[in-house]
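K.L.:
Prediction below, plus the sequence it came from.
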Amino acid sequence: MAKARARKTQVPATPLALPPVVLQLLGDEAPVLLSALREPPPVSIRQNQLKPAPEQGTPVPWCAHGRYLEERPVFTLDPYFHAGCYYVQEAASMLLEQAFRACGPLPERAVALDLCAAPGGKTTHLAALLPPDALLIANEPVRARQAALQENLWKWGRPDVVVTGSLPEAFAPMGEWCDLILVDAPCSGEGMFRKDPFARAQWNEELVESCALRQIGILDDAWAALKPGGHLIYSTCTWEEKENEAHVQRLIDQGATYIPIAVDESWGVAIGDRGLRCYPHRLRGEGFFIAVLRKPGEVDTRYFGAGEVRPLDGEIAGWLRDPEGQCVIQQDGIGHLIASHWTDLVDELMRSVRVLSPGIPAVQPKGEGVVPHAALALCTALKVEAFHRLELDHVAALAYLRGEAPSAQRAAGLALVQFDGLHLGWAHGAGNRWNNAWPAPWRIRMR
């Protein structure tokens with residue numbers, strides 16, 4: 001299913017054809033769509049306003065920080081990419097921004113859950129849209145995809161992010177606890193036919209039926225976790241009605257309110273009475289569906305209170321721009337940074353589901369002491385002035401990202417490695433070189 005497999009193997013070429021439901025929906029427009037699917041897909045990125053970088057491309061009209069690029073660069077060899085200055089994302093998926101706006105203002109200290117989060121495109125977008133006092137929980141049940149999700153979120157740099165790795169039903173003991181839930185569901189993947197040969201090769205009617213059944217379970221679990229008055233954003237990359245509008249209607253029949261998403265007619269988005277649809281022949285993007293539903297009841301403004309006060313160690317406090325109200329939760333020898341008022345909720349999560357990181361990893365043991373974690377170097381909570389800075393040019397930055405040791409004279413202590421003023425990671429002084437602390441799984445393999 002789309003969004004549910006990690007794959008690197010080659011697949012045989014599959015003739016490009018439209019599923020029957022698309023032929024029925026589009027009629028005379030179907031040949032135009034088929035022609036568009038034979039064209040190269042557009043290249044788009046979403047820039048990170050927490051980490052300013054040189055402006056690129058032309059605007060994606062429905063996303064404030066989305067940009068189309070005229071050609072596809074080698075992102076792997078761009079230090080700005082590794083610093084978390086932008087995320088490479090398909091443009092139609094950026095309609096999440098308009099869906100988020102349709103939900104209206106969130107309650108104070110809102111809790112948002114992305115239930116099917118990897119690899120992190122919509123999760124990092126949600127991280128950019130949420131107010132600073134909100135908590136974001138990114139859940140990915142497929143183990144092969146969890147490392148990529150963590151890496152992308154940590155590079156994005158937003159504090160107060162928790163990553164979990166459980167099936168949606170595992171959240172059931174917590175009751176109704178989320179103000180906003182995003183379900184970007186595993187689907188039959190028709191909307192990715194242009195970009196992904198695997199999506200074409202795997203598609204069949206049986207896949208559609210199995211995806212629709214699986215989506216019902218995920219949506220029921222999400223609905224059960226949503227507070228009264230909370231909002232559910234549902235999206236897929238398929239055009240199948242039974243995977244899209246049928247699910248929306250089923251929740252409406254159970255009492256949900258459908259919330260229209262405001263879009264400009266010039267964007268080319270197809271506006272239905274149960275959601276928005278994107279077709280590549282109408283806009284610069286891939287196939288996509290998105291809808292917003294509100295759970296009945298008065299808005300529940302209660303939030304989890306702070307648990308036991310866990311004061312920061314003096315050294316760790318000195319690493320942060322604003323240590324007041326922060327605490328560290330230990331897991332597997334790593335200290336994770338989280339706002340103190342979220343400790344009760346994080347404790348509850350750790351009792352109920354598999355928590356991969358109960359906050360941003362901030363501190364880890366080294367010898368008889370501690371050092372900052374790689375994720376903290378990329379987090380906006382870091383107090384940059386607390387560290388010696390090692391500024392690298394483009395060539396040296398790429399060498400660092402490959403795992404090479406920058407040369408030095410009388411290097412000692414800890415240094416924060418920077419490129420164009422953006423923090424990348426850590427290096428430890430060893431006389432005539434800086435020992436590289438960029439995580440091995442993140443290293444560039446390309447030459």
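P.N.:
Alright, I've got the coordinates.
K.L.:
Every contact and neighbour count from this point should use C-alpha atoms.
P.N.:
Noted.
K.L.:
shaky segments in the stretch 251-400 of the chain?
P.N.:
Applying pLDDT under 70 to the stretch 251-400 of the chain flags the ranges 301-311.
K.L.:
which residue ranges form the strands in it?
P.N.:
Applying DSSP state E, counting those that start in this stretch to the stretch 251-400 of the chain gives strands spanning 257-259, 270-272, 275-278, 288-294, 326-331, 334-339, 355-357, 360-366, 369-372, 388-392.
K.L.:
Looking at those, spot the one closest to residue 139.
P.N.:
Nearest to residue 139, of all the strands of the stretch 251-400 of the chain, is strand 355-357, at 8.8 Å by CA to CA.
K.L.:
got a list of contacts for the closest one?
P.N.:
For strand 355-357, the external contacting residues (CA atoms under 8 Å, 6 or more residues apart in numbering) are 162-165, 331, 336, 349.
K.L.:
Parallel or antiparallel, list what pairs with it.
P.N.:
Taking DSSP bridges as the criterion, strand 355-357 forms sheet pairs with strand 161-164 (antiparallel).
K.L.:
Buried residues in the partner strand, which are they?
P.N.:
Of the residues in strand 161-164, 161-164 count as buried by neighbour count, 16 or more other CA atoms under 10 Å.
K.L.:
Which helix or strand contains the closest residue in space to residue 389 that isn't next to it in sequence?
P.N.:
In space, and not counting its chain neighbours, residue 389 is closest to residue 416: 4.7 Å by CA to CA, 6 or more residues apart in numbering. Residue 416 is located in strand 414-419, with elements delineated by DSSP states H and E.
K.L.:
Now the next helix or strand after that strand: average pLDDT?
P.N.:
Per DSSP H and E, the first helix or strand lying C-terminal to strand 414-419 is strand 422-429. Mean per-residue pLDDT for strand 422-429: 97.
K.L.:
what element comes up after strand 422-429 heading to the C-terminus?
P.N.:
Downstream of strand 422-429, the next assigned helix or strand under DSSP H and E is strand 431-436.
K.L.:
Identify the residues contacting that next one?
P.N.:
By CA under 8 Å, 6+ apart, the surrounding residues in contact with strand 431-436 are 400, 403-412, 426-429.
K.L.:
From the chain's centre, how far out is that strand? Work that out for me.
P.N.:
When distances are taken as CA atoms, centre = their mean, to the nearest Å, strand 431-436 is centred 34 Å away from the chain's centroid.
K.L.:
Now it: buried residues?
P.N.:
For strand 431-436, the neighbour count (16+ other CA under 10 Å) marks 433-436 as buried.
K.L.:
Please identify which of those residues is nearest to residue 367.
P.N.:
residue 435 (15.2 Å).
K.L.:
Report the separation between the closest one and residue 182.
P.N.:
If you measure residue 435 against residue 182 using CA to CA, to the nearest Å, the figure is 41 Å.
K.L.:
Kindly report the same for residue 294.
P.N.:
From residue 294 to residue 182 the distance is 12 Å (CA to CA).
K.L.:
what's the overlap in contacts for the two?
P.N.:
residue 232.
K.L.:
Any buried residues in stretch 344-360, and which?
P.N.:
344-346, 349, 353-360.
K.L.:
These: which two are farthest apart?
P.N.:
Largest separation among the buried residues of stretch 344-360 by CA to CA: 353 and 360, giving 17.7 Å.
K.L.:
So for the residue nearest to residue 389, what's the pLDDT?
P.N.:
For residue 416, the predicted pLDDT is 98.
K.L.:
can you pull up the bridge partners for it?
P.N.:
Going by DSSP bridges, residue 416 forms beta bridges with residue 389, residue 426.
K.L.:
how many neighbours does it have?
P.N.:
Neighbourhood size, residue 416 [other CA atoms under 10 Å]: 21.
K.L.:
rewinding a little: quick one: the contacts of strand 355-357 as CSV, columns for distance to residue 57 too.
P.N.:
As requested, those are arranged in CSV below (distance: CA to CA, whole Å):
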residue, distance to residue 57
162, 32
163, 32
164, 34
165, 35
331, 41
336, 36
349, 41
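K.L.:
farthest-separated two in those residues?
P.N.:
For the contacts of strand 355-357, the farthest-apart pair by CA to CA is 165 and 336; their separation is 16.5 Å.
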